[in-house]
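>>> Structural data only, the sequence is not supplied:
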Ligand code: ADP
């Protein structure tokens, strides 16, 4: 018998999942169902890294069938599987939900009412929840919100300068990537508790990207605002944009709302600027003028927003990179940290080249860390706490190599 918890992260055309034991951080299996609604692909990997068999071609006509296909593959791989509880990433929790909660019909209605705030994501999250309830009617289900971590923002970082009525209707700066920030904040607190009490600028740089100002473990400001479009340029999203550009697109170019959504969400960012790809690895290898300019713009905006987030806290005590680019791109990290000596940021190029956990130079005032994020594990911990009443904090942080304590201790006991 394999008792397990299932974490589901349903996107517009994908379903990421992690199967975890009732206790412990090592996954039983993880995977990704991609291109749901088209010629879908399914990847399933055991916790120890080996690929597991999946049906070919997988049946993935919608989120419900994709989940059935995923469950079929999981049961084939682990015949004695019993799902005790399920956790879901939900993009929008609105102004009030600031922690994971048990799902019931009333909550689902509340979350459906928030769909206009995140029309490209929320309906897919809810479709994933409905499919999981149908598959496991007896199992408790927990919703974990990307916005929850940012509900601690002060008013000035929660509002726009629009007439007050819009704020009251919910037009606010919600911020996203909250599960990632919550996870990495927890990791930092265990690796370097004194640093985690300070002013931390955290850069989640992936296909979606944002930066967050976190003081004593609480979000103070984020580059993402009302939607997941604001702030940094992303794989295919524009990032911060003068609203006058949108007016121009409507009034002079005749674009309607759907065409603008397509342009700003799917054809802009690194893809739009490079004309080549949304994938940083491809751009780094390309070497064309357009690809280099796309990287230049990304780096420039990340630098600018690190400065802005530090200003929101009156200073910076540590910089943390996470996300696919933040965890892996030596080039982007090195370029972002150039010309940052005024903030006490200076990296050790050897440590950066090794993808070490601490990449700042020994003499630098501000430690710079690389900490892998794990949204599925955060969801599973929330499920244990909310559905099973188990709040046990894992004893050891998820270290990969890398002796961070020594590196931090070398700068005067910052590891706490
Ligand atoms: P998502 O937001 O979809 O979860 P990820 O966090 O997986 O995205 O990040 C995807 C991005 O990370 C892509 O741009 C990819 O090119 C980049 N990336 C992954 N590995 C590397 C690497 N070794 N060097 C540079 N970029 C990388």
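On my side now, so go ahead. Fair warning: this is a prediction, and the values are worked out from it, not measured in the lab.

>>> unless I'm mixing things up, residue 114 is touching residue 97, no?
No: using Cβ atoms under 8 Å, residue 114 is not in contact with residue 97, being 9.1 Å away. Just so you know, the C-beta spots here come from the backbone N, C-alpha and C atoms, and that holds for glycine as well.

>>> lowest average confidence, helix or strand, in this protein?
Ranking every helix and strand in the chain by mean pLDDT, DSSP states H and E puts helix 404-409 at the bottom, with a mean of 54.

>>> Tell me which residue in the stretch 301-416 of the chain sits closest to the ligand.
residue 324 (2.1 Å; Cβ to the nearest ligand atom).

>>> Ignoring the adjacent residues along the chain, who's closest to that residue?
Nearest residue to residue 324 in three dimensions, chain neighbours excluded: residue 206, at 4.3 Å (Cβ to Cβ, 6 or more residues apart in numbering).

>>> With residue 120 instead?
Per Cβ to Cβ, 6+ apart, closest to residue 120 is residue 12, 5.9 Å.

>>> what does residue 174 give?
Residue 174 sits nearest to residue 147 (Cβ to Cβ, 6+ apart), 4.4 Å away.

>>> Kindly report the same for residue 14.
Using Cβ to Cβ, 6+ apart, the closest residue to residue 14 is residue 34 (4.9 Å).

>>> show me where the stretch 151-300 of the chain has helices.
Along the stretch 151-300 of the chain, counting by DSSP state H, counting those that start in this stretch, helices occupy 164-168, 178-191, 193-196, 243-251, 257-261, 269-274, 280-286, 289-313.

>>> Residue 71 is nearest to which of these?
helix 178-191 (22.5 Å; Cβ to Cβ).

>>> what does the stretch 101-250 of the chain have sitting close to the ligand?
Listed as neighbours of the ligand in the stretch 101-250 of the chain under the rule Cβ under 6 Å from any ligand atom: 206, 207, 208, 235.

>>> Which residues are in contact with the residue nearest to the spatial centre of the chain?
The centre of the chain sits closest to residue 177, judged by Cα atoms, centre = their mean, with a distance of 3.9 Å. Contacts here follow Cβ atoms under 8 Å, 6 or more residues apart in numbering; on that basis residue 177 touches 146, 204, 208, 210, 212, 222, 224.

>>> Please narrow the residues you listed to those residing in strands.
Counting by DSSP state E, the contacts of residue 177 place 204, 210, 212, 222 in strands.

>>> still on that earlier bit, check what pLDDT the residue nearest to the centre of the chain gets.
Predicted confidence (pLDDT) at residue 177: the value is 95.

>>> So for stretch 140-152, mean pLDDT?
Mean predicted confidence for stretch 140-152 is 96.

>>> Stretch 105-118 too?
For stretch 105-118, the per-residue pLDDT averages 95.

>>> which residues touch stretch 40-58?
Contacts of stretch 40-58 from elsewhere in the structure, counted by Cβ under 8 Å, 6+ apart, are 26-35, 39, 59-60, 66, 69-70, 72-74, 76-77.

>>> go with 10 Å
Residues from elsewhere that reach stretch 40-58, judged by Cβ atoms under 10 Å, 6 or more residues apart in numbering: 13-15, 17-21, 26-36, 39, 59-61, 65-66, 69-70, 72-74, 76-78.

>>> isn't residue 63 right next to residue 130, touching?
Yes: with contacts counted by Cβ atoms under 10 Å, residue 63 reaches residue 130, the gap being 8.3 Å.

>>> who has more neighbours, those two?
Shown here are residue 63 and residue 130; by other Cβ atoms under 10 Å, residue 63 has more neighbours (28 against 14).

>>> quick one: that one and residue 306, what's the gap?
36 Å (Cβ to Cβ, to the nearest Å).

>>> The ligand: which of the ones in strands among the contacts of residue 177 is nearest?
residue 204 (7.8 Å).

>>> Give the residue spans of the stretch 101-250 of the chain that score low on pLDDT.
Counting by pLDDT under 70, not a single residue of the stretch 101-250 of the chain qualifies.

>>> Which residue is it, in it, that comes closest to the ligand?
Counting by Cβ to the nearest ligand atom, the stretch 101-250 of the chain gets nearest the ligand through residue 206, at 2.4 Å.

>>> residues contacting residue 144?
Remark: with contacts taken as Cβ under 10 Å, 6+ apart, residue 144 is in contact with 7, 9, 87-90, 93, 97, 99-101, 178-179, 182, 375, 378-383, 386.

>>> What of residue 202?
Each residue near residue 202 by Cβ under 10 Å, 6+ apart is listed here: 177, 180-181, 184-185, 188, 210-214, 219, 222, 306, 309, 318-323, 326, 369, 371, 373.

>>> Need the buried ones from these selected in ChimeraX.
To isolate the buried members of these in ChimeraX, using 16 or more other Cβ atoms under 10 Å:
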select :177,180,181,184,185,188,210,211,212,213,214,219,222,306,309,318,319,320,321,322,323,326,369,371,373
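
>>> Nice, that's everything, thank you.
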